[in-house]
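Enquirer: Predicted model, plus sequence, below.
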Amino acid sequence: MMIKLIPGNSAGTVTTFYLASEGPSHDEIDFEFLGNSTGEPYTVHTNVYSQGKGDKEQQFRLWFDPTAAFHTYSIIWNPQRIIFMVDNIPMRVFNNHGASGVPFPTSKPMRVICSLWNADDWATQGGRVKTDWTKAPFVAHYRNIKLSGKPCDTASSCGSGNDTVSNEAWQTQGLDANGRNRIRWVQQKHMIYNYCNDLPRFPQTPHECKGSRF
């Protein structure tokens, strides 16, 4: 999806592009863009939910002004991993550790959802900066969505019929040496929060955080 975010004072707003299933124990893969005061950078908030449980947040600052032009934000979701990408640069990888008991979205169909909403109780500087409604309307622009996958109406129908995407590269896509170098640069220079390192929240290091990040 190509997105150009709200210019100027976007404090309190959240612009989203995410995948989500339906039902109480839902799966979700999130790109959320947390607005800020004029001149302050956006925060890119990412999260992964599986079986209704999230708490997998990583946050980043972008290395460009996301309000000045359109940029491409991509989610690669396959049985092995989830990759968050910006302009084809990997930002985050969440690997499938289901065999070790870490929930991973594998079985529920998800829809693509885009939204813009007010979250000034938490979105900007922990809720300290509120939405300035004199700046409304707040407008974000979306264009050129490209979807590749197997359409299905229910979870039981996803694996039936002819597999029209069996040869598409995204189904096994990972990171090559160049991708590992790029994600290392993003995470060293632009990551501002990683749940894996939040000891007050997670005194026991989550299993998926141990060992290689990629």
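Expert: Looks like it arrived, so ask away.

Enquirer: list the contacts for Asp55?
Expert: In this structure, Asp55 makes contact with Asn47, Tyr195, Arg201, judged by C-beta atoms under 8 Å, 6 or more residues apart in numbering. Bear in mind the C-beta positions are built from the backbone N, C-alpha and C, glycine included.

Enquirer: Tyr195 now?
Expert: Asp55, Lys56, Glu57, Gln58, Arg201, Phe202, Pro206, Cys209.

Enquirer: Swap in 10 Å and give it another go.
Expert: Contacts for Tyr195 (C-beta atoms under 10 Å, 6 or more residues apart in numbering) come out as Asn47, Gly54, Asp55, Lys56, Glu57, Gln58, Gln59, Arg201, Phe202, Pro206, Cys209.

Enquirer: measure the first one to Asp55 for me?
Expert: Between Asn47 and Asp55 the distance is 8 Å, computed by C-beta to C-beta, to the nearest Å.

Enquirer: Then the last one?
Expert: In this structure, Cys209 and Asp55 are separated by 12 Å, where distance is defined by C-beta to C-beta.

Enquirer: can you list residues touching both of the two?
Expert: Tyr195, Phe202.

Enquirer: Was I right to think Met75 contacts Thr16?
Expert: Actually, residue 75 is Ile. It isn't Met. No: counting by C-beta atoms under 10 Å, Ile75 does not reach Thr16; the two are 11.9 Å apart.

Enquirer: Specify which residues of this structure, grouped into ranges, have pLDDT under the cut-off.
Expert: Residue ranges of the chain with pLDDT under 70: 153-167, 212-214.

Enquirer: how about the strands in it?
Expert: Counting by DSSP state E, the chain has these strands, from start to end: 2-4, 13-20, 28-34, 43-49, 58-60, 71-77, 81-86, 89-95, 111-118, 141-143, 191-194.

Enquirer: Out of those strands, the one nearest Pro151 is which?
Expert: Across the strands of the chain, Pro151 has its closest neighbour in strand 111-118 (10.7 Å, C-beta to C-beta).
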